[in-house]
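Visitor: The following block contains a protein sequence and its predicted model.
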Amino acid sequence: MSILVIMEQQDGKWHRMSWEALSAGQQFGAALGLPVEAAIVGQGVGELAAELATKKLAKVHAVEHDLLKDYTADGYTAAAEALIKKVNPKLVVFPHTYQVRDFAPKLATRFSQVLVSDVIGARMDSGSPVFVRLLFQGKLNGDVRVSGNGPGFVSVQAGAWRADMVEAGSAPVETLTPALDASAIRQKPEAPFRESARAVDLTAADIIVSVGRGIKEQSNLHLVEELANAMGGELAASRPICDSGWLAMERQVGSSGQTVSPKVYIAIGISGAIQHLVGMKGSKAIVAINKDANAPIFEIADYGIVGDLFEIVPALTEAVKVARG
Ligand SMILES: Cc1cc2nc3c(=O)[nH]c(=O)nc-3n(C[C@H](O)[C@H](O)[C@H](O)COP(=O)(O)OP(=O)(O)OC[C@H]3O[C@@H](n4cnc5c(N)ncnc54)[C@H](O)[C@@H]3O)c2cc1C
């Protein structure tokens, strides 16, 4: 029995969430005392498999077939089904991508299971995993256990596990060529969905200064902007700020915005709702400024300042300017 992580690639390039799924898989493996294997599905995936083989894994599976060149739900389901029958894992872990949402539920039913999707956390209870997922658009958290005889199927939400926590090692690569039948693939692949180009790439920023409803009015935003400029960072925001049109949508961090993991994330007047946290909790250092000492943001902050942002932010900006000369 093992944990099997099915990674995702497009045109020979990793989907960045794959590494978060691998990180989750390694953590589940350590908690359950099970070896971890990983797979990559496609055509000509040898190089990606070799890269995967530099991670702490018991085995890497390169699932190769000409009919897997482009993603189709039928092709990927059949290929993953063959792989799972060969590996017989206890748990199959995916990144919660658009592609996984498309084919993994169908794959799970082939093993009389359901996909436990959008998982944000996990804990062990009497030796078996309990997964935490959001319910009712994030208003509640639900605990889910996998039951039945088949393997469990889990997809992990963006930002819930950290890609940079993937452990390095060395693993053998095995190639599997599944028996696929072109006539059984009903979909015709088209150019994959691409998000529109963004003027701001928050995912590449080392420092992010993020502002929430505590700023009260659009005319106060300059205070936070000045701090971002002084620090050489990007300006970001919680959803209400972008919904109000005070900042562009592309600056929104969270479950319906961008997922970021900068070196420093400064949350100013942000309460720390789960939908915001999932987008930034992978940041290396989190600084929170909030007048409410009980705000949930302080639970994940490395440094917290309890106080009025209108006093603290201008003073911080001055101090940064002095320190940077
Ligand atoms: C399906 C769905 C998707 C969502 N997606 C996202 C998303 O992607 N990103 C996101 O951010 N949210 C998202 N949300 C919204 C989320 O639930 C919260 O409503 C939102 O994050 C709250 O934003 P906020 O922290 O700025 O505001 P609030 O929760 O109102 O918090 C404001 C904070 O400012 C503090 N404050 C007030 N005045 C001061 C002051 N003078 N000095 C210091 N602190 C002060 C308060 O103590 C408070 O903690 C989503 C919600 C749903 C249902």
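Guide: Structure received. Numbers count the residues shown, from 1 in each chain.
Visitor: Write out the residues of the stretch 151-300 of the chain neighbouring the ligand.
Guide: For the stretch 151-300 of the chain, the residues in contact with the ligand (Cβ under 6 Å from any ligand atom) are 212-214, 238-240, 252-257, 269-271, 273, 275-276, 279, 289-292, 295. (Glycine included, C-beta is placed from N, CA and C.)
Visitor: For ChimeraX, write the select line for the buried members of those.
Guide: A single ChimeraX command selects the buried members of these (16 or more other Cβ atoms under 10 Å):
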select :212,214,238,239,252,253,254,255,257,269,270,271,273,275,276,279,289,290,295
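Visitor: where are the low-confidence patches of the chain?
Guide: The model of the chain has pLDDT under 70 over residues 137-139, 193-198.
Visitor: got the contact list for Asp243?
Guide: For Asp243, no contacting residues are found, by Cβ atoms under 8 Å, 6 or more residues apart in numbering.
Visitor: Swap in 10 Å and give it another go.
Guide: Neighbouring residues of Asp243 by Cβ atoms under 10 Å, 6 or more residues apart in numbering: 237, 249, 252, 256.
Visitor: Among the residues you listed, which ones are in strands?
Guide: Ala237 (DSSP state E).
Visitor: Provide the partner residues of Ile266 in its beta bridges.
Guide: Beta-bridge pairing of Ile266, defined through DSSP bridges, involves Val209, Val287.
Visitor: ok, back up a step: helices - which of the residues of the stretch 151-300 of the chain next to the ligand land there?
Guide: 239-240, 275-276, 279 (DSSP state H).
Visitor: Max pairwise distance over those: which two?
Guide: Largest separation among those by Cβ to Cβ: Pro240 and Gly279, giving 14.1 Å.
Visitor: what about dumping the CA coordinates of the longest strand along the chain to CSV?
Guide: Assignment by DSSP E gives strand 115-125 as the longest strand of the chain. The C-alpha coordinates for strand 115-125 follow below in CSV (Å, rounded to 0.1, in the frame of the first residue of the first chain):
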residue,chain,number,x,y,z
LEU,A,115,-13.4,12.5,-5.0
VAL,A,116,-12.9,14.4,-1.7
SER,A,117,-12.2,17.7,-3.4
ASP,A,118,-10.8,21.0,-2.4
VAL,A,119,-9.1,19.8,0.7
ILE,A,120,-7.4,22.5,2.8
GLY,A,121,-6.0,20.4,5.7
ALA,A,122,-5.8,16.9,7.1
ARG,A,123,-5.2,15.2,10.5
MET,A,124,-4.8,11.7,11.7
ASP,A,125,-7.4,10.2,13.9
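Visitor: which other helices and strands contact it?
Guide: Packing partners of strand 115-125 (3 or more Cβ pairs under 10 Å, 6 or more residues apart in numbering; DSSP states H and E): helix 17-32, strand 91-95, helix 98-109, strand 128-135, strand 140-145, strand 152-156, helix 274-280.
Visitor: Please name whichever of the ones you listed is nearest to Gly75.
Guide: With respect to Gly75, and counting by Cβ to Cβ, the nearest of these is helix 98-109 at 8.9 Å.
Visitor: Name the residues of that closest one that are buried.
Guide: Neighbour-count burial for helix 98-109 [16+ other Cβ under 10 Å]: 99-100, 103-105, 107-108.
Visitor: Next, see if stretch 309-319 gets close to the ligand.
Guide: Yes. Stretch 309-319 lies within reach of the ligand by Cβ under 6 Å from any ligand atom, at 309-310.
Visitor: which one of the ones in helices among the residues of the stretch 151-300 of the chain next to the ligand is nearest Pro35?
Guide: Distances from Pro35 to those, taken by Cβ to Cβ, are shortest for Gly279, at 32.0 Å.
Visitor: shouldn't the closest one be in contact with Gly257?
Guide: Yes. Using Cβ atoms under 10 Å, Gly279 is in contact with Gly257, at 5.9 Å.
Visitor: Find residues that contact each of the two.
Guide: 202, 236, 238-239.
Visitor: that older thread, closest to the ligand among the buried residues of helix 98-109?
Guide: Nearest to the ligand among these is Val100, at 19.1 Å by Cβ to the nearest ligand atom.
Visitor: and the closest one, how far is that from Asp302?
Guide: Distance of Val100 to Asp302, computed by Cβ to Cβ, to the nearest Å: 31 Å.
Visitor: cool, Lys281 as well?
Guide: 11 Å.
Visitor: who's more crowded, these two?
Guide: Neighbour totals were compared for Lys281 and Asp302, and Lys281 leads with 21 against 12 (other Cβ atoms under 10 Å).
Visitor: tell me the contacts of the residue positioned nearest the centre of the chain?
Guide: Among the residues of the chain, the one closest to the centroid is Ala158, at 1.8 Å (Cα atoms, centre = their mean). For Ala158, the contact set (Cβ under 10 Å, 6+ apart) comprises 16-17, 20-21, 95-97, 118, 120, 255, 258-259, 278-279, 282.
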